[in-house]
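Visitor: Sequence plus the predicted model coming up.
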Amino acid sequence: MMATRCGWCGEEPLYIEYHDHEWGVPVTDDRVLFEFLILEGAQAGLSWWTVLQKREGYRRAFAGFDPATVAAFTDDQLAALRDDPGIVRNRAKIAAARGNARAFLDVQAEFGGFSDYLWGFVNGQPVINHWQRLDQVPATTPLSDALSRDLKRRGFKFVGSTICYAYLQAVGVVMDHVTDCFRYPDLADAE
């Protein structure tokens, strides 16, 4: 019997793998949180499919998403990344990765970890939604608005509310699997 999944993942094996094992699962590892912050920012104006296909290229280009290493990238290193076909070669997004790494380190220093900062927006508990259909899932919420405002205030780029909502979904701060998805019961039990 075939598992029922959220309709957005379709039949593509890469999407299915991501949906089944990562999307909506609560993340507290700062390296993974940094990875998704960079990837969601790279997605701006593009499809998640495009970025997901380039994920390994991003891991290679951005030092396994080690924020301290990315924060120390030189201008020459950033310029070289614009020639890397393994990533989205947008000058502003590449520059934002270094700036966001620096801001990420500042948040870690202030809060003891980026995870502590991020999960503080929801008092350490994921928001479990109960959507029956994909068309019920919003693009932004007051939570993503608040996160976006605060990240921008701290110097982050490519962190508009829509990007922040996608980020919150990806790292499981918000669980938006639809109620008939096979992942829903396991992740809703976190409530």
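Guide: Structure's in. What do you need?
Visitor: quick one: the helices in this structure?
Guide: Secondary structure of the chain by DSSP state H: the helices cover 13-21, 30-43, 48-53, 55-61, 67-71, 75-81, 91-111, 114-120, 142-153, 161-170, 184-188.
Visitor: Please compute how far the last one lies from its chain's middle.
Guide: With CA atoms, centre = their mean, to the nearest Å as the basis, the distance from the averaged C-alpha position of helix 184-188 to the chain average is 20 Å.
Visitor: Pull out the C-alpha coordinates of that helix and format them as CSV.
Guide: Extracted as CSV, the C-alpha positions of helix 184-188 are listed here (Å, rounded to 0.1, in the frame of the first residue of the first chain):
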residue,chain,number,x,y,z
TYR,A,184,1.3,13.7,10.5
PRO,A,185,0.5,11.3,13.4
ASP,A,186,4.2,10.9,14.4
LEU,A,187,5.0,14.6,14.2
ALA,A,188,1.7,15.7,15.8
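Visitor: which residues are contacting it?
Guide: With contact meaning CB atoms under 8 Å, 6 or more residues apart in numbering, helix 184-188 is reached by Gly24, Val25, Pro126, Ile128, His130, Gly172, Met175, His177, Val178. Backbone N, C-alpha and C define where each C-beta goes, glycine included.
Visitor: buried ones in stretch 46-56?
Guide: Within stretch 46-56, the residues scored as buried using 16 or more other CB atoms under 10 Å are Trp48, Trp49, Val51, Leu52, Lys54, Arg55.
Visitor: Flag every buried residue along stretch 102-122.
Guide: Those would be 102-105, 107-108, 113-115, 117-119, 121, for stretch 102-122 by 16+ other CB under 10 Å.
Visitor: what comes into contact with that stretch?
Guide: Residues contacting stretch 102-122 (CB under 8 Å, 6+ apart): 27-30, 33-34, 37, 67-68, 71, 143, 146-147, 151, 154-156, 171, 173.
Visitor: ok, back up a step: could I get the buried residues of stretch 46-56 as a markdown table with pLDDT and distance to Cys9?
Guide: Below are these laid out as a markdown table (pLDDT from 0 to 100; distance: CB to CB, whole Å):
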| residue | pLDDT | distance to Cys9 |
| --- | --- | --- |
| Trp48 | 91 | 10 |
| Trp49 | 90 | 10 |
| Val51 | 94 | 14 |
| Leu52 | 94 | 10 |
| Lys54 | 96 | 18 |
| Arg55 | 96 | 15 |
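Visitor: nearest to Asp20, of those residues?
Guide: Comparing these against Asp20 with CB to CB places Leu52 closest, at 13.3 Å.
Visitor: mind listing what that closest one touches?
Guide: Leu14, Tyr15, Tyr18.
Visitor: repeat for Ile94
Guide: Leu78, Leu81, Arg82, Ile87.
Visitor: okay, and for this structure, where does confidence drop off?
Guide: Low-confidence segments of the chain (pLDDT under 70): 1-2, 190-191.
Visitor: repeat that with 80
Guide: The chain contains residues with pLDDT under 80 at 1-3, 190-191.
Visitor: In space, what's closest to Val27 - neighbours in sequence excluded?
Guide: Nearest non-adjacent residue to Val27, counting by CB to CB, 6 or more residues apart in numbering: Val171, 4.1 Å away.
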